[in-house]
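1. Sequence below, structure please.
(chains A and B)
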Amino acid sequence: MTTAVLFDNVSRHFGAVRAVDSVNLSIVEGEFFAMLGPSGSGKTTCLRLMAGFEQPTTGHIEIFGETAEGVPPYRRSVNTVFQDYALFSHLSILDNVAYGLMVKGIGREERRKAAEDALAMVKLPGYGARRPGQLSGGQRQRVALARALVNKPKVLLLDEPLGALDLKLREQMQEELKSLQKSLGITFVFVTHDQGEALSMADRIAVFNEGRIQQLGRPEEVYNQPKTRFVADFVGSSNVLSAKLCQRLGLKSSFASLRPESVAIAPAADGALSLSGIVAGRSFLGATNRIVVDVDGNRIAVASPAAQNVPAMGSPVTISFAARDLHPMEDA
Amino acid sequence: MTIVAESFVLPERRSTTGRLSDFFWRHPHVLLTVLLGPPLLWLGIVYLGSLFALLLQSFFSIDEFSGLINYEFTLATYRQLLSEANLDIILRTVSMAALVTLVSAFIAFPIAYYAARYARGKWKALFYLAVMLPLWSSYLVKVYAWKLILAKEGILTWLFEKLNLLWLLDAWLALPVVGGNSLSVSYTGTFIVFVYVWMPFMILPIQAALERVPANLIEASSDLGGTPAQTFRHVLFPLALPGIVAGSIFTFSLTLGDYIIPQIVGSSRLFIGQAVYAQQGTAGNIPLAAAFTVVPIVIMGAYLWMAKRMGAFDAL
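-> Predicted coordinates:
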């Protein structure tokens, strides 16, 4: 396995702000890698460090074994799909897509053909003569993708590329991106604040907070075994059980996470753990009902199938869950 | 106490302005007419009307004996305009205007670029102050100040002398056309003052155009492999072009029409503005003065048409 991108203790400071703080990561060639986190968590700065728009304050970056520090963006075989697409408004779609080939001095006819092929690949054949202003958001997104991919980059960077699209289009693009990545075999590095997007698309996820990687692993690991309270909360809004509750349930660690869908409103069966409380809130989410149960001041969310009866507000209930669904965490 | 209003419709305001607001809200086109009417009338009648009257004058001729205007349609004045002496004036003015515009654009672009891309907070305020400050003082004072600076006894000659570069200045002044007895009586002097006086009119439109160029387009070009020079040529310049054209319209047309700068600083040869001044004043030849003013209008029209053909406004 070749390492596509390597961060060795990389920091990027802006004055007193540590946008990226001692980050170590290694992205494998051909991997779909997601950097997930809230805004200001350092994920976009990491992407910009890979693209060459930022230089690390300290630390070392390698891309396919070559040192990246001091290499300007235009000499990196890395291309970016920008958040708001950054299409050249004064150029036609074809000239936009062919731009990278044009500045590299490839002949007019050859780059026209390559650009048309790239447009066909993103399902926009025959759109070359139009202007970016005449396209919808989803179409512009595809053009931005074609414009980057036509250069056959070693790594493709995507900065929240689906953020501006509506839900239906976003789901469709997620599938297309995923299959495109599989067929091309190019390493994709994807920045997003949408945990669902990261979970469904990525081979591995790095969860960022305050400039640091909180957890790095496969989607199932990150989702089921959050290492920190932040990850538990950010990825899928887990319940975080306080030290007191952990003690009562006989756990050694001071904190534990519990997925809402692992909890049932029912008396404990054999071997299961149970707690009792009163219903403090309920909302209808379509496939499920979200019921919040107050257990001695701890609010525990339960994802209850919509078919089940919803207990009335303020009524006493017993909640139960399997001991293996309770995941101890390192810190608060 | 309830926080919900008593009725759905709030009570009418009894004042005149209150009633006026209601009226204008119901009839927005009336408000538009009231706001736009006077300036449009001014523009249509006073401004364009007088310009049209001026153009009309150029098709009349002057009676050489009585000095009175002969109100009959004729092209005689234009024939006169195209005489060798007058063509000389036109050529001189147009060359000067073109050169002033070109050099202004070259000097203005980096300043505008810095202001649009990098200057923030107080540096931006300082930039605006520095660019606008010269416009606060009288134009005449500035031109006379430049006459003193450029004079043989002036500070510039002194500076060249102190730097042991007097030979350079003398060599420049010995050149034909651009040279002269001193900078203050040479075309070089006229050129320097023109560039100085019109510079803000070039910087500000370019800065406004560059301000509108999204920063990520520069990054996108770089990301796609464009070197800084390629990014400038294929992205920055085309997007800034409307601003450069707007600025050049100012510098070009202002130079074409100016009659004070070449009179105070420069050789005694006439520019279009001076010719107009002389024809309508001392010579009393209004038709020829009018014909002279048509020249800049025609040139600017042709310039804009060419700029449009070349796609200067595509990025608007």
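
2. Show me what counts as buried in stretch B:178-187.
-> Within stretch B:178-187, the residues scored as buried using 16 or more other C-beta atoms under 10 Å in any protein chain shown are B:179-180, B:182-187. From N, CA and C alone the C-beta is placed, and that goes for glycine too.

3. quick one: which of the residues you listed is nearest chain A?
-> Nearest to chain A, judged by C-beta to the nearest C-beta, of the buried residues of stretch B:178-187 is B:Y187 at 37.5 Å.

4. Can you get me a residue count around B:I261?
-> Close neighbours of B:I261, defined as other C-beta atoms under 10 Å in any protein chain shown, add up to 28.

5. what sits against the residue lying closest to it once chain neighbours are set aside?
-> Leaving aside its chain neighbours, B:I261 sits nearest to B:V193 (5.2 Å; criterion: C-beta to C-beta, 6 or more residues apart in numbering or on different chains). B:V193 sits next to B:143, B:146, B:150, B:261, B:265 when contact means C-beta atoms under 8 Å, 6 or more residues apart in numbering or on different chains.

6. Now do the buried residues in whichever strand or helix holds B:V193.
-> When elements are assigned from DSSP states H and E, B:V193 belongs to helix B:187-211. Judged by neighbour count using 16+ other C-beta under 10 Å, the buried positions of helix B:187-211 are B:187-210.

7. Mind exporting the C-alpha coordinates of stretch A:208-222 to CSV?
-> Taking C-alpha atoms only, stretch A:208-222 is exported to CSV below (Å, rounded to 0.1, in the frame of the first residue of the first chain):
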residue,chain,number,x,y,z
PHE,A,208,-11.6,17.0,13.8
ASN,A,209,-12.2,19.4,16.6
GLU,A,210,-10.3,22.5,17.6
GLY,A,211,-7.5,21.7,15.2
ARG,A,212,-6.9,18.2,16.4
ILE,A,213,-7.9,14.8,15.1
GLN,A,214,-10.2,13.3,17.8
GLN,A,215,-10.6,9.9,16.2
LEU,A,216,-9.5,8.2,12.9
GLY,A,217,-11.0,5.0,11.7
ARG,A,218,-13.5,3.2,9.6
PRO,A,219,-17.1,4.7,9.7
GLU,A,220,-18.4,1.8,11.8
GLU,A,221,-15.7,2.2,14.3
VAL,A,222,-16.2,6.0,14.6
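
8. How far does it sit from its chain's centre?
-> In this view, stretch A:208-222 has its centroid 10 Å away from the chain centroid, taken as C-alpha atoms, centre = their mean, to the nearest Å.

9. Pull out the buried residues from that stretch.
-> Going by neighbour count (16+ other C-beta under 10 Å), the buried part of stretch A:208-222 is A:208-209, A:211-217, A:219, A:222.

10. wait, what's in contact with the closest residue to B:Y196 other than its chain neighbours?
-> Nearest non-adjacent residue to B:Y196, counting by C-beta to C-beta, 6+ apart: B:W146, 6.8 Å away. Neighbouring residues of B:W146 by C-beta under 8 Å, 6+ apart: B:184, B:189, B:192-193, B:196, B:265.

11. mind checking how far the residue nearest to A:P305 when sequence neighbours are not counted is from A:Q308?
-> Nearest in space to A:P305, with sequence neighbours left out and distances taken as C-beta to C-beta, 6+ apart, is A:T288 at 6.1 Å. From A:T288 across to A:Q308, the span is 9 Å (C-beta to C-beta, to the nearest Å).

12. Could you do A:P316 as well?
-> Going from A:P316 to A:Q308 by C-beta to C-beta gives 17 Å.

13. Which one's more surrounded, the two?
-> A:Q308 (13 against 10).

14. ok, the more buried one to A:V302 distance?
-> A:Q308 sits 10 Å away from A:V302 when distances are taken as C-beta to C-beta.

15. again with B:R92
-> 88 Å.

16. Give me the more crowded residue out of those two.
-> More neighbours surround A:V302 than the other of B:R92 and A:V302, with 23 against 19 (other C-beta under 10 Å).

17. tell me, what's touching A:Q308 and A:V302 both at once?
-> A:I265.

18. hang on, the earlier thing: got the phi and psi for the residue nearest to B:Y196?
-> Dihedral pair for B:W146: phi -70, psi -30, per degrees, to the nearest 10.

19. distance of it from B:N216?
-> Distance of B:W146 to B:N216, given as C-beta to C-beta: 43 Å.

20. Could you find the closest non-adjacent residue to the residue positioned nearest the centre of chain B?
-> Closest residue to the average C-alpha location of chain B: B:F250 at 1.7 Å, with C-alpha atoms, centre = their mean. Nearest residue to B:F250 in three dimensions, chain neighbours excluded: B:F201, at 3.7 Å (C-beta to C-beta, 6+ apart).

21. what do you get for A:D296?
-> Leaving out its chain neighbours, the residue that sits closest to A:D296 by C-beta to C-beta, 6+ apart is A:G277, at 7.2 Å.

22. Distance from the chain centre to whichever strand or helix holds that neighbour, please.
-> In this structure, A:G277 sits in strand A:273-284 according to DSSP H and E. What separates the centre of strand A:273-284 from the centre of its chain is 30 Å, taken as C-alpha atoms, centre = their mean.

23. Nothing else from me, thank you.
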